[in-house]
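J.: My questions concern the predicted model and sequence given below.
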Amino acid sequence: MTLEGASPLQKLLIYCPYSHGGLADYAHLQANALVEQGVSVTLLVGDHYPERSDRHYQLMRELKDPESLTFGKSIWRSVCYFCRFVICFFILQKIIRREKFNRVLFTSYVEYFSPFWAPALNRLKKEGVVFGAMVHEPVRDFIVGPLWWHRYCIHQGYSFLREAFEHEEVPLDTGGKKISSRVTVIPQGTFEFPQARRRPSEVRDALQIPQEAKLILAFGHIRDNKNLDLLIRSIQKFPNIYLLIAGATQSLRQKNEEFYRQLAVECAVTDRCRWDIRHIPPEIAADYFEACDLVATPYGASFLSASGVLSAAVGFRKPSLVSAGDGCLKQTMKHYRVGYWVEPDHPKALEQGIQNWLEKSLPMEWEEYLKDHSWEMNAKRVIERMFEN
């Protein structure tokens, strides 16, 4: 079944418990694209989800936002996180029944604690509700609890899904068991920000960065597998390079801002590092992307998903310095010339990548990437699968 657009009677509930960051931005952009194709979209979110002036979908703020509590560090914090997390799924079940939704899309596949909430969604599946999920991380390498429990949770997380969407043809980690979900590859879509409010020269003046210096931007959530420590070490050999780290710490389990600031001191590069550690507003993000010369995403080998930061960099026509494991991001870098690829977790490889960028001005294939990663095509393929009988 191929659809030019959706019937006005078709409505879709998108479950998005993320208020900030790449997944929340993805849900917003995808929801808008689905509305443009004629679907009536409701985004189910928590009370911390920001109001967006370019929103075309309906918003339902009924989730108990689990992002306000970070998993880990104390038993009480973990218990509270578990309770809020599981409660969100029972709120989802209640809304599906109350509003009579029969198509539900998860903005990201999730398996945490699934044996506690998946049975309720399986009952809805038997009643005719079609569930789908965006699988941004095909390999689930973050383990909560013993390995057998982790694998069981992964399988239960897929148990009620008819549709699974990923961005590259990467085998899904299904917990070692067969699943009935149909897997469809769809384009990621380009992450969009408003136009920059300030000229690059103004941004650099505000950050006290010389106009003639080269500026590398490390953008997004701060977490260990982004290898910010290697990036900080790598600029020691390049005295004309400044580094701007912009984003919030993802969780208490990850190295925090203080760790990286101290490392910059130890590496004698603290005078060339700039910090904006918070959820970056879209208009500020646009300023930073416009002002930088290179966007660095030196993920470790454990990173196997696509990257919204790369997508945003392409939108601003900025080259990226990229590393990752054998997954979506690596395949993208092989298919498109939008930056410089280096092997993951190797300090010397990262230094050489920076050297190559400084010495070799390669022509970039922005338009080819943008053509193949449109939100319109993303939405059309989701519609084809989710509304197929």
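T.: Perfect, I can see it now.
J.: Low-confidence bits of the stretch 1-150 of the chain, can you list those?
T.: Regions of the stretch 1-150 of the chain meeting the criterion pLDDT under 70 cover residues 1-9, 65-74, 141-143.
J.: quick one, helices of this structure?
T.: Chain-ordered helices for the chain, with DSSP state H as the definition, fall at 22-36, 75-99, 114-126, 147-158, 200-207, 228-234, 257-266, 282-291, 308-315, 328-335, 347-359, 366-372, 375-386.
J.: May I have the beta-bridge partners of residue 298?
T.: residue 323 (DSSP bridges).
J.: Pull the contacting residues for it.
T.: 226, 227, 230, 231, 321, 322, 323, 342, 344, 350 (Cβ atoms under 8 Å, 6 or more residues apart in numbering). For every residue, glycine as well, the C-beta is placed using N, CA and C.
J.: Out of the helices of the chain, which is closest to residue 186?
T.: helix 375-386 (4.4 Å; Cβ to Cβ).
J.: thinking again about what came up before, just name the most buried of the helices of the chain.
T.: Highest mean neighbour count of the helices of the chain: helix 308-315, a mean of 24 (counted as mean count of other Cβ atoms under 10 Å).
J.: Run the angle between that helix and helix 282-291 for me.
T.: 60 degrees (axes from the mean of the first three to the mean of the last three Cα atoms, to 10 degrees).
J.: that older thread, just the buried ones from the contacts of residue 298?
T.: Neighbour-count burial (16 or more other Cβ atoms under 10 Å) applied to these gives 226, 227, 230, 231, 321, 322, 323, 342, 344, 350.
J.: Tell me the one of those residues nearest residue 89?
T.: Nearest to residue 89, judged by Cβ to Cβ, of the buried ones among the contacts of residue 298 is residue 226 at 29.1 Å.
J.: returning to what we had before: compare the helices of the chain and report which one is nearest to residue 54.
T.: Among those, the nearest to residue 54 by Cβ to Cβ is helix 22-36 (7.0 Å).
J.: Keeping just the C-alphas, turn that closest one into CSV.
T.: Extracted C-alpha coordinates of helix 22-36, given in CSV (Å, rounded to 0.1, in the frame of the first residue of the first chain):
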residue,chain,number,x,y,z
GLY,A,22,17.8,15.1,20.2
LEU,A,23,14.9,12.7,20.7
ALA,A,24,12.5,15.5,21.6
ASP,A,25,13.7,17.5,18.6
TYR,A,26,13.2,14.4,16.4
ALA,A,27,9.7,13.9,17.7
HIS,A,28,8.8,17.5,17.0
LEU,A,29,10.2,17.5,13.4
GLN,A,30,8.7,14.1,12.5
ALA,A,31,5.3,15.1,14.0
ASN,A,32,5.2,18.3,11.9
ALA,A,33,6.2,16.3,8.8
LEU,A,34,3.4,13.8,9.4
VAL,A,35,0.8,16.6,9.8
GLU,A,36,2.0,18.0,6.5
